[in-house]
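Participant: Prediction below, plus the sequence it came from.
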Amino acid sequence: MRRLSLILALLLASPALAAEHGVAPGRGSLAQAIAGAEPGDVLELADGVHAGPVIIDRPLTIIGSRAAVIDGGGRGTVVTIAAPDVTLKGFSVTGSGMVNKDLDAGVKIAKGADRAQVLDLRLTENMHGIDVHGGRDARIVGNEIIGTRDPRMNERGNGIYVWNSPGALVRGNSVRYGRDGIFSNTSADSFYRDNLFRDLRFAVHFMYTRNTEVTGNVSIGNHLGFAIMFSDRTVIRDNRSLGDREHGLMLNYANNADVTGNLIRGGAKKCLFIYNAHKNLIWNNRFQDCGIGIHFTAGSERNVLSGNAFIGNREQVKYVGTRHVEWSHEGRGNFWSDHPGFDLNGDGIADGVYRPNDLMDHILWSQPAAALLTGAPAVQLIRWSQQSFPATLPGGVQDSAPLMRPLTIPVPPEIEAYEAEAAGRWAKGNYDDIDPDDLSSH
């Protein structure tokens with residue numbers, strides 16, 4: 001009797017087993033299936049077109065193959081998740097409205113729809129791909145998002161938009177076309193890992209975020225790679241910016257960031273742009289083949305740069321300021337491909353100090369027309385005298401312990417193929433309609 005009583009108690013305490021329901025394509029069938037389902041049920045979409053928009057107002061799992069398509073017919077958001085513990089997996093979503101101010105999207109996770117999972121979907125022809133709009137602890141994993149190519153880039157939607165949604169995990173997604181790959185606004189405690197971004201305005205765009213992680217992402221052929229703005233305590237680690245146009249990485253009013261193990265190469269005007277950003281740790285990165293290796297301005301202070309490699313940049317450093325700034329830490333500086341250093345004691349540290357800029361550089365930045373005098377004897381005399389008598393140098397950057405060897409950061413062959421495909425595109429004048437140097441437009 002005691003054993004029977006225990007079994008009955010367990011059965012009464014356990015939820016009913018989830019039921020599985022097949023959903024045939026057609027108008028209204030998916031909405032009817034949602035309305036008739038019990039919490040925890042599984043709806044399996046048959047191949048074909050299922051009419052949207054639909055609202056999921058109870059905990060459900062909806063699955064299907066890529067050949068099962070929910071089509072919004074150009075009206076509003078295609079699938080709105082309005083309940084916690086909803087899972088979408090495997091199928092296709094298309095045909096949202098195109099009203100940007102209404103945040104029309106393929107999938108929207110509303111406030112209160114916590115722990116939503118959007119897995120392995122294919123989202124095409126939507127204004128925004130996935131809009132995480134207030135739901136906590138969302139999981140956005142393994143999706144393929146192909147945005148629109150019209151209208152102008154600034155008027156398109158984002159691949160993944162995260163607004164005020166702490167705890168989000170965005171991992172292993174592929175985003176192409178549209179405006180920004182990921183736009184995280186007023187959010188915190190989130191993770192953006194191993195995503196691929198191509199043919200966008202910004203790959204990753206942060207505004208007012210805190211305590212977030214951006215790791216293992218790849219940006220190829222975008223106008224700007226990683227834009228971290230008005231944000232605090234961001235970890236930016238092991239990302240790749242390959243063939244982006246303006247900046248590989250921008251820290252604008254970004255503080256307390258850990259910028260580690262990133263590779264930026266291939267034609268950007270600026271590999272790294274630091275604007276009014278403070279107390280950032282920037283170490284073991286490789287900045288290669290840009291117009292400017294690092295542009296450092298607007299009073300940025302208490303940043304540590306160590307172990308980085310600056311290779312083949314037309315201008316390694318552009319420092320706008322009069323202070324003396326040291327770019328080595330605890331006896332370890334950075335590698336500079338234009339530094340003709342010697343290492344007589346074989347400790348891996350060059351024997352001479354590296355100074356990337358002199359008085360003439362400052363004159364050329366403020367008076368570009370002075371470039372006509374670059375080869376003049378008087379200019380060469382000024383530069384020689386500053387090299388011979390360092391006390392005459394203006395304030396600026398120096399590296400007291402430059403490294404003799406650069407670090408290497410590998411790129412997988414499949415990513416190199418995408419990089420080769422995008423190579424040279426900015427030389428053709430395909431600049432669209434943005435100005436990344438106009439910070440107010442971001």
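Facilitator: On my side now, so go ahead.
Participant: Tell me how many other residues crowd Leu129.
Facilitator: No, residue 129 isn't Leu; it's Gly. Using other C-beta atoms under 10 Å as the criterion, Gly129 is surrounded by 30 other residues. (Each C-beta comes from the backbone N, C-alpha and C, glycine too.)
Participant: show me the contacts for Thr260.
Facilitator: Thr260 is in contact with Val235, Ile236, Arg237, Asp238, Leu281, Trp283, Asn284, Asn285, counting by C-beta atoms under 8 Å, 6 or more residues apart in numbering.
Participant: In strands, which of those residues appear?
Facilitator: When the contacts of Thr260 are checked against strands (DSSP state E), the matches are Val235, Ile236, Arg237, Leu281, Trp283.
Participant: what's the pLDDT at the second one?
Facilitator: With respect to pLDDT, Ile236 has a value of 97.
Participant: now it, which residues is it bridged with?
Facilitator: The residues paired with Ile236 through beta bridges, assigned by DSSP bridges, are Val214, Val259.
Participant: how close does it get to Val170?
Facilitator: Per C-beta to C-beta, to the nearest Å, Ile236 is found 15 Å from Val170.
Participant: residues contacting the spatially closest residue to Gly312 that is not a sequence neighbour?
Facilitator: Residue nearest to Gly312 in three dimensions, not counting chain neighbours: Asp289, with 4.9 Å by C-beta to C-beta, 6 or more residues apart in numbering. Contacts here follow C-beta under 8 Å, 6+ apart; on that basis Asp289 touches Arg265, Gly266, Gly267, Ile311, Gly312, Asn313.
Participant: Mind doing that once more with 7 Å?
Facilitator: By C-beta atoms under 7 Å, 6 or more residues apart in numbering, the residues touching Asp289 are Arg265, Gly266, Gly267, Gly312, Asn313.
Participant: Just the pLDDT at the fourth one, thanks.
Facilitator: Spelled out, it's Gly312. Per-residue confidence at Gly312 stands at 91 (pLDDT).
Participant: give the contact list for it.
Facilitator: With contact set as C-beta under 7 Å, 6+ apart, Gly312 has these partners: Gln288, Asp289, Ser337.
Participant: beta partners of the closest residue to the last one other than its chain neighbours?
Facilitator: Closest residue to Ser337 apart from its sequence neighbours, by C-beta to C-beta, 6+ apart: Ile311 at 4.5 Å. Assessed by DSSP bridges, Ile311 has beta-bridge partners Gln288.
Participant: before we move on, what about Phe197?
Facilitator: When assigned by DSSP bridges, Phe197 has beta-bridge partners Val175, Ser219.
Participant: Quick one: neighbours of it, just the number.
Facilitator: Using other C-beta under 10 Å, Phe197 is surrounded by 28 other residues.
Participant: Likewise for Asp150?
Facilitator: Considering only other C-beta under 10 Å, Asp150 is surrounded by 9 other residues.
Participant: Next: the one 4 residues further on.
Facilitator: Asn154 sits with 14 neighbouring residues when counted by other C-beta under 10 Å.
Participant: Is it in a helix, a strand, or coil?
Facilitator: Using DSSP: H, G, I helix; E, B strand; the rest coil, the secondary structure recorded for Asn154 is helix.
Participant: ok, it to Leu200 distance?
Facilitator: Taken as C-beta to C-beta, the spacing of Asn154 relative to Leu200 amounts to 12 Å.
Participant: Residues that sit against both of the two, list them.
Facilitator: For the pair Asn154 and Leu200, residues contacting each of them under the criterion C-beta under 7 Å, 6+ apart are Arg179.
Participant: Buried subset of the ones in strands among the contacts of Thr260 as a PyMOL selection?
Facilitator: Selecting in PyMOL just the buried members of the ones in strands among the contacts of Thr260, where the criterion is 16 or more other C-beta atoms under 10 Å, is done with this command:
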select buried, resi 235+236+237+283
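Participant: Cheers, nothing more for now.
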